[in-house]
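> using only what follows, build the 3D model:
(chains A and B)
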Amino acid sequence: MNLSPSSPRWLYLAIQRRRNRGLNGLYLVVAAFLIVYAILFPGLLSIGGFSKFSQNWFPLALVTMAQALLMLNGGISLAIGPLVSLGAVVAAISMGGPAGAFGGFVAVVVAGLVIGALTGLIVAYMRLPAIIVTLAGSFIITGVALLLLPRPGGYIPDWLSQALAGHQPTAFALLVVILIAWKLFLATPTGIGLYAVGDNPVGAFRSGVPVERIRVVSFAISGLLTALAGLFVAAQTGSGDPVIGTSFTLNSMAGAVLGGVGFLGGKGTMRGAIAGSLLLSVMINVMFFLGFPPVAQYVAQGVIIVGAVAIPVFASRWRKA
Amino acid sequence: MSRIASNLHLGRTLLASAAVALFSLTVACEANAAATCIKGDRKAPYTVGWANIYSVPTWMKQTEGTIADEVATLKKQGLVKDLMITDAQGNAQTQIQQIQSMVDANIDAIIVEAGSSTALNRVIADACAKGIAVVNFDSLVDTDKLTAKINTDSNEWGGAAAKWLVAQLNGKGKIVVMNGPAGVSVSDDRRKGAQPVLAANPGIEVITETNTEYNVAPAQEAITSLLFAHPDIDGVLSLGGALSAGSVMAFDRQGRAQVPTTGENARQFLELWKAKKLKGWATMQPNWLGALSVYAAVKALQGQDVPAFIKVPLPVIDDTSIDSYLAKAKDFPADGYIYSPYDQALFDKLLAQH
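Purely as a prediction, here's the structure:
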């Protein structure tokens, strides 16, 4: 392998190293939490225990990816939670119909892609701020979800619940597949453009990157991931609930920011975002097994989040000094 | 059948043998009559978990108090070892995760205040399959794979309040209906319960209805603006405690004479009721539903057959009993609920119903 400073491979590794640097602290914190969790609950290392844990983490991982994807190109979405709810509702009302489970899956995919793309079109071509468009979108989507299914209910075939959220790590396998797909996507011109548009839209435009189109594509993919998270939640719970997703909006942002994704675009990595969401999820279980009372859990949660963000900052200062 | 009836002797023999069969069946049932989920392999002292959806509201804090008290009592009897409490911070997804952790920790009983009527179904069924006693109260789930559900009847709540108000007004007058938030099942169910009573009394005219959060300030605001528009309001059918307090304060601020008002056991309302000498009526969602849930779970674990649904009758506060409630007001938070007294005898009686 040619690793001289002028080779593309060397450049790639150097960039990756620089991107990882700020995240080593987070990785250490996540690893520490996972080890503590495994000590407190050895069942985590069994297939069943690992499956259940990864199932509870999976939807958060998906929406964090969806949010990070937008933040990387300078966007943001306040409609993540409502879109998760809508995905769950669409799945729960369509799977009992004539189209069956597959038809329901297609409906969810279409809903996610269309809503995402529409949002992207408005943001990219009408030049409206994403935060306003998605805020408005969140009300509309919540309303639609409530119209489709006013009270929790609907139908999800049991075999689907068992397949996605049974006693085998399907969810984790899906996450790995999605991460590989993301890696492949980044190698395409659109994927490279994603970072470029977020980092320096004018520069990207002058270099011939189709800025608007990339924004639309990123919103569409983000919408797809979010709606699929909704489908998974519906399968996991065996039903649709029109407000189940609400807290995912804030948690998706928390996961992405914890993972080092910047609000201004072009900064951050998907692996960081995934690690951020994993920390948010494992933290809940560790606090339970440590027997924290609820009030202490609120405080601990805040301390852990601030700590996980602060450690890398202090670490880099210490390195410079 | 007619042939058997014609032959008296044969009929008697058959009856007798049927009775014997029935009796032995009952005995057999009682010998291993266990509540749902219970396998009988868990021994005291038990570890109890309370999976709460949101611990911040005053009602929840008071409910947590009754649970902690009950656990302390059962600890003394050597029946309970530990209480673990989780707070899902309003997120049903987190609640699934926390109940899963309780299952992973293999605790003996899980008390659930649900954040969604459907989302917890599968994790609760998982817990039940592991022989964990699962008791759900107040905000209910729609699965039946659990030990018991405990609640009052919201329809009855609305019906009883409406009946009292109609009687106060002698079946004639203009009233305002105060509801909780739209689209919330408790608020819907209370209103639905009041409807047949109002429909049966055409002399009662509902001028208008309000939908607000179960808080004093928004309720007071809503009634204040109604008072400007309507010079003649004869009664207030309030379907929530803090709502009534807001209404009474709005009447008071505008110097209007108080009218008959229904409500809940919110301390603020009860104190205003007495201070403003109004005609009042109140019921409650007793906080000790939490304590009862713990008690029911432990009884089920000990092998007692616990009914799948335990309907708790609504305690009523009226002019004859309000003084007994206000006498203990200082033991309750200023924005809290003064609940009716409870003891083991009451719990045993409630568990014995079938």
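
> only C-alpha atoms for contact and neighbour calcs from this point on.
Fine.

> if I pick the residue of the stretch 201-321 of chain A found nearest chain B, what's in contact with it?
Taking Cα to the nearest Cα as the measure, the stretch 201-321 of chain A has A:Thr237 as its residue closest to chain B, at 4.8 Å. Under the criterion of Cα atoms under 8 Å, 6 or more residues apart in numbering or on different chains, the contact list for A:Thr237 reads A:161, B:118-123.

> with A:Gly96 instead?
Taking Cα under 8 Å, 6+ apart, we find A:Gly96 in contact with A:154-157.

> that one and chain B, how far apart?
A:Gly96 sits 16 Å away from chain B when distances are taken as Cα to the nearest Cα, to the nearest Å.

> now that residue. Its backbone dihedrals?
A:Gly96 has phi and psi values of phi -80, psi -10 when expressed as degrees, to the nearest 10.

> got a pLDDT number for the residue of the stretch 201-321 of chain A closest to chain B?
Model confidence at A:Thr237, expressed as pLDDT, equals 93.

> same thing with B:Pro231?
Looking at B:Pro231, its pLDDT reads 87.

> and what of the one 3 residues further on?
Confidence at B:Asp234, expressed as pLDDT, is 94.

> burial count for it?
B:Asp234 has 20 neighbours, counted by other Cα atoms under 10 Å in any protein chain shown.

> phi, psi for it please.
In terms of degrees, to the nearest 10, the main-chain angles of B:Asp234 are phi -100, psi -20.

> near chain A, which residues of chain B? Just list them.
Contact residues, chain B versus chain A (Cα under 8 Å from any Cα of the partner chain): B:55, B:84-87, B:91-94, B:96-98, B:100-101, B:104-105, B:116-123.

> quick one, what contacts residue 88?
Picked chain A for this. Taking Cα under 8 Å, 6+ apart as the contact definition, A:Ala88 lies against A:227, A:230-234, A:239-242.

> chain B is the one I meant
For B:Ala88, the residues meeting the contact criterion (Cα under 8 Å, 6+ apart) are B:51-54, B:94-95, B:98.

> quick one, helices of the stretch 151-300 of chain B?
B:154-168, B:185-200, B:216-229, B:241-253, B:267-275, B:289-301 (DSSP state H, counting those that start in this stretch).

> for chain A, same thing?
According to DSSP state H, chain A carries its helices in the segments A:8-21, A:24-40, A:47-72, A:80-94, A:100-125, A:130-148, A:158-165, A:170-186, A:189-199, A:201-206, A:211-237, A:248-258, A:270-289, A:294-320.

> got it, and the stretch 1-150 of chain B?
Listed in chain order, the helices found in the stretch 1-150 of chain B under DSSP H, counting those that start in this stretch are B:2-6, B:8-31, B:58-76, B:92-104, B:121-129.

> now the weakest link among those, please, by mean pLDDT.
Confidence, taken as mean pLDDT, is least for helix B:2-6 of these (a mean of 39).

> please list the residues of the stretch 101-250 of chain A that sit near chain B.
Looking at chain B, the residues of the stretch 101-250 of chain A close enough under Cα under 8 Å from any Cα are A:152-153, A:236-241, A:244, A:246-247.

> neighbours of whichever residue of the stretch 251-354 of chain B sits closest to chain A, how many?
When Cα to the nearest Cα is the measure, the stretch 251-354 of chain B has its nearest residue to chain A at B:Gly290, with 16.6 Å between them. Summarising burial for B:Gly290: neighbours were counted as other Cα under 10 Å, giving 28.

> that one reaches B:Ser139, doesn't it?
No. Judged on Cα atoms under 8 Å, B:Gly290 makes no contact with B:Ser139 at a distance of 11.3 Å.

> now B:Ser154, nearest residue through space, not along the chain?
Across the structure, with Cα to Cα, 6 or more residues apart in numbering or on different chains as the measure, the residue nearest B:Ser154 apart from its sequence neighbours is B:Arg190 (4.9 Å).

> could you measure from the one you found over to B:Ala160?
Going from B:Arg190 to B:Ala160 by Cα to Cα, to the nearest Å gives 10 Å.

> related to what we said a few turns ago, rebuild the contacts of B:Ala88 as a markdown table, extending it with distance to A:Gly203 and neighbour count.
Compiled in a markdown table, the contacts of B:Ala88 are given as follows (distance: Cα to Cα, whole Å; neighbours: other Cα atoms under 10 Å in any protein chain shown):
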| residue | distance to A:Gly203 | neighbour count |
| --- | --- | --- |
| B:Ala51 | 52 | 24 |
| B:Asn52 | 51 | 24 |
| B:Ile53 | 49 | 22 |
| B:Tyr54 | 48 | 20 |
| B:Thr94 | 43 | 22 |
| B:Gln95 | 46 | 27 |
| B:Gln98 | 47 | 27 |
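
> of those residues, which is the nearest to B:Asp305?
Lowest distance from B:Asp305 to the contacts of B:Ala88 (Cα to Cα) belongs to B:Ala51, with 23.2 Å.

> surely the closest one touches B:Gly115?
No. Proximity of B:Ala51 to B:Gly115 does not meet the contact threshold set by Cα under 8 Å, at 9.9 Å.

> what is in contact with these two at once?
When contacts are counted by Cα under 8 Å, 6+ apart, the set common to B:Ala51 and B:Gly115 consists of B:Gln95.

> tell me where the stretch 201-321 of chain A is predicted with low confidence.
Segments of the stretch 201-321 of chain A classed as low confidence (criterion: pLDDT under 70) are A:312, A:320-321.

> show me the contacts for the nearest residue to B:Val71 once chain neighbours are set aside.
In space, and not counting its chain neighbours, B:Val71 is closest to B:Val80: 6.6 Å by Cα to Cα, 6+ apart. If you count contacts by Cα under 8 Å, 6+ apart, B:Val80 has them with B:44-48, B:71, B:74, B:298.

> okay, now B:Ala35: neighbour count?
23.

> what sits against B:Asn121?
Each residue near B:Asn121 by Cα under 8 Å, 6+ apart is listed here: A:237-238, B:141-143.

> quick one: B:Met84 and B:Asn52 touch, right?
No. Between B:Met84 and B:Asn52 no contact is recorded; they are 10.6 Å apart, counting by Cα under 8 Å.

> list the contacts for A:Leu45?
Contact analysis of A:Leu45 by Cα under 8 Å, 6+ apart lists A:Ala38.

> roughly how far apart are it and chain B?
Summarising the geometry, the distance separating A:Leu45 from chain B, computed by Cα to the nearest Cα, is 12 Å.

> grab the nearest non-local neighbour of A:Arg271.
Leaving out its chain neighbours, the residue that sits closest to A:Arg271 by Cα to Cα, 6+ apart is A:Gly259, at 7.7 Å.

> and that neighbour, what is it in contact with?
A:Gly259 neighbours (Cα under 8 Å, 6+ apart): A:23, A:26, A:268-277.

> if you rank those by neighbours, which is first?
Highest neighbour count within the contacts of A:Gly259, by other Cα under 10 Å: A:Gly276, with 33 neighbours.

> next up, the contacts around that residue.
With contacts taken as Cα under 8 Å, 6+ apart, A:Gly276 has the following neighbours: A:26, A:254-259.

> which member of those is positioned nearest B:His230?
When the contacts of A:Gly276 are compared for distance to B:His230 (Cα to Cα), A:Ala254 comes out closest, at 49.1 Å.
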